[in-house]
Structure formats: C-alpha cells, structure tokens
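Asks: need coordinates for the below:
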Amino acid sequence: MSLSIFDASIPVFLRGFDNFSAMLAKGEAFAQEKGLDPRTLVEARLAPDMLSLAGQVQRASDTAKFCAARLTATDGPSFDDNEANFAELHARIAKTVTYLKSIDASAFDGSEERRIVLKRRQGEVTLDGRSYLLTFALPNFFFHLTTGYDILRHAGVPVGKSDFLGPL
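Replies: Residues are numbered from 1 along each chain as shown. Next comes the predicted model:
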C-alpha cells in the first residue's frame, strides 16, 4: 500500500502541534520559574525582521490548515492573528488541531494531482498536490516549528532535540 497524501500531511501536522504545544508549555513554566513576564517570550524573535514566537505559531497554524483546505478543495477557517499570551497560543493550536481532525481521510482522495495555485510576491506558482505538500507545505510548517523552537532555546528555555521530535 502506498503512502497517501492524508497520511503524509494530517498526522504529521498533528504530531508537530503536539510537540510545539509541549515546548510552549516549557516556555511558560520557564518564564514563571525565572520571574519573567511571559510576554517577553511570546514577543521574542531571533532577528528584528523575523516573526515573533506568536508569529511562528500563527504561520504554522495557517500552513497546516490551508494546506488541508487546498488539498481537499475546501475553505479552511480563518483566525485573527492576535494571540498575545501563552494561553492564546495554546488555543490557536487547539483550534487548528480540531479543524485538522475534522477532515475525513477520503476528502484527500485524488489530491496528489489536484492543481494548487499559490500567489507569491514573485507571481503565481502552480503545483500538483503532491509537489505542493512535499516541496512547500511541509517544509514551511517545519520552518515555523523550528524557528519557534529556536526562539525558545535562544531565550534560555530548556528545550532540546527530544522536545522538538517528541515521544516516539
């Protein structure tokens, strides 16, 4: 049996969000333990022109939910990008996970050949569903998870590779 587009996307996103949520919890506990204002972590960024930790959660959420929507030819939910604390970041992830879990695997049937059009600054890019998932959506999702991890780690939160990978 071959690997389906559903299997290569939804379970991967769900696992990533489980791990991201656990890392955020460690960040929240770290702030409390050190007497830091938690907003300093939520607003932290690696460079001035990069998104904050909140922005990384928002973009990971958008990447996963709009990937699922594009591959199933449906409309994904739109969320305001206004999360300002750890509780709101956890809620954003929870809403995304609820949406992803609501999609039946059969909705992905034929999605490997579905035409996906991305509007980029450089113009439109058209990919088939397989290429879209493997060359854009998954790498983009993991970019934002990794950058969120890096922000927490750079701020001193005791997270490591095993936190990023999660339990096996």
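Asks: which secondary structure element is home to the most centrally placed residue in the chain?
Replies: Central residue of the chain (Cα atoms, centre = their mean): Ala60, 2.3 Å from the mean position. Taking DSSP states H and E as the definition, Ala60 sits inside helix 53-72.
Asks: now do Thr126
Replies: Thr126 belongs to strand 123-128, assigned by DSSP H and E.
Asks: mind listing what that strand pairs with, with the direction of each?
Replies: The pairing partners recorded for strand 123-128 under DSSP bridges are strand 115-120 (antiparallel).
Asks: what about the strand it pairs with, distance to the chain center?
Replies: 19 Å (Cα atoms, centre = their mean, to the nearest Å).
Asks: next, the buried residues of that strand.
Replies: Ile116 (16 or more other Cβ atoms under 10 Å). Where you see a C-beta, it was placed from the backbone N, CA and C, and this is true even at glycine.
Asks: output it as CSV, restricted to C-alpha atoms.
Replies: Presented in CSV, the C-alpha positions along strand 115-120 are these (Å, rounded to 0.1, in the frame of the first residue of the first chain):
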residue,chain,number,x,y,z
ARG,A,115,-3.9,21.8,-9.1
ILE,A,116,-2.8,24.1,-6.3
VAL,A,117,-2.1,27.8,-7.2
LEU,A,118,-0.1,29.8,-4.8
LYS,A,119,0.0,33.6,-5.0
ARG,A,120,3.6,34.7,-4.1
